[in-house]
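Colleague: compute the structure for the input listed below.
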Amino acid sequence: MKTNERKVATDNFKSNQNRRASLRRLLVPFSILSMLIFSTNVSFAHCDTMDGPLIKDAKIAINKNNVNYVLKWVQPENETEIKEAFSLAMKVRELGADAQNLADKYFFETVVRLHRSGEGVPFTGVKPSGTPIDEKVLAADKSLEKGNLSPLKDLVPKEMLPELQERFNKAMSLKNFDVNNVAEGREYIEAYVQFFKFAEGEEEEHVQHESHNH
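Modeller: Residues are numbered from 1 along each chain as shown. Okay, the predicted model is just below:
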C-alpha cells in the first residue's frame, strides 16, 4: 500500500512539474509579445492618442465647424473621405449627447486611420488619454511650443544637434500657416514629422552614414 502511495505521490509531483514547465514555455512568448505591443504603443502614441496633436486638431475642427484643421494631416487622396466623415459627424452630433460622443469617436478614428495609412503604418485604434509617450516626443512638442530646442538638448547626442536645429528651424518657419491653406498646412506637417523622426533617433543612423560619406 505504501509503495502505491509513494508511486502516486511521485507521479503527481512529476505531473505538476510538467505543468509548470509547460506554463513557463507558454508565458515566455506571451511576455515577449506583450513587450512588443507595449513598445509599439509607445512608439506610435504621439498621433494616435486622445492626448496627441491630431485629436487636438480634430476637436478644434468640430468646435469651429471647419474641417481644414485636420486636412493637413492626411494625403490629398483622402480629403473626400475626411470631409464626408466630418459632415456626417456634425449632423449626428445634433441628435443628443450620446449621439455626439459616438459621432466624435467615429470622426477621430477616421482621421487617425487615414493619417496612419498615409504614413504606411497599420491603424490600431485611438489610444486613451494617459497612454505612455516617449520623453523625446514630449520634449520635441515642448520645443515647438517654446520656440527653442532647450527641452531636447539633453536627450539627443551632441553631434546630432546641428541637424536637429536645422529641422527645427524649418518646422518653426512654417508653423504660422493659414489654417484654410491646406497645402501650406501639409508643408508644415511634413517638416514637423521630419523633425520628430530625427528627435526620436529614427533617422540618426542615416544621417551619420551620409556625414561619413561626405
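Colleague: work out for me the element residue 163 sits within.
Modeller: Assigned by DSSP states H and E, residue 163 belongs to helix 161-174.
Colleague: check the gap between residue 176 and residue 185 for me.
Modeller: 11 Å (Cβ to Cβ, to the nearest Å). All C-beta spots, glycine's among them, are computed from the backbone N, C-alpha and C.
Colleague: need phi/psi at the residue nearest to residue 81 when sequence neighbours are not counted.
Modeller: Using Cβ to Cβ, 6 or more residues apart in numbering and skipping the chain neighbours, the partner closest in space to residue 81 is residue 114 (6.4 Å). As for residue 114, its main-chain torsions (degrees, to the nearest 10) stand at phi -70, psi -30.
Colleague: quick check, pLDDT for residue 114.
Modeller: Per-residue pLDDT puts residue 114 at 95.
Colleague: was I right to think it contacts residue 83?
Modeller: No. The pair residue 114 / residue 83 is not scored as a contact, 11.3 Å apart, by Cβ atoms under 8 Å.
Colleague: hmm, back to that, residue 176 and residue 185: who's more crowded?
Modeller: Per other Cβ atoms under 10 Å, whichever of residue 176 and residue 185 has more neighbours is residue 185, with 21 against 8.
Colleague: residues touching that one, list them.
Modeller: Neighbouring residues of residue 185 by Cβ atoms under 8 Å, 6 or more residues apart in numbering: 68, 71-72, 177, 179.
Colleague: can you list these in CSV and add secondary structure?
Modeller: Listed next are these as CSV, based on DSSP: H, G, I helix; E, B strand; the rest coil:
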residue, secondary structure
68, helix
71, helix
72, coil
177, coil
179, coil
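Colleague: most neighbours, which of those residues?
Modeller: In the contacts of residue 185, the most neighbours by other Cβ under 10 Å go to residue 71, 24 neighbours.
Colleague: residue contacts, it?
Modeller: 79, 82-83, 182, 185.
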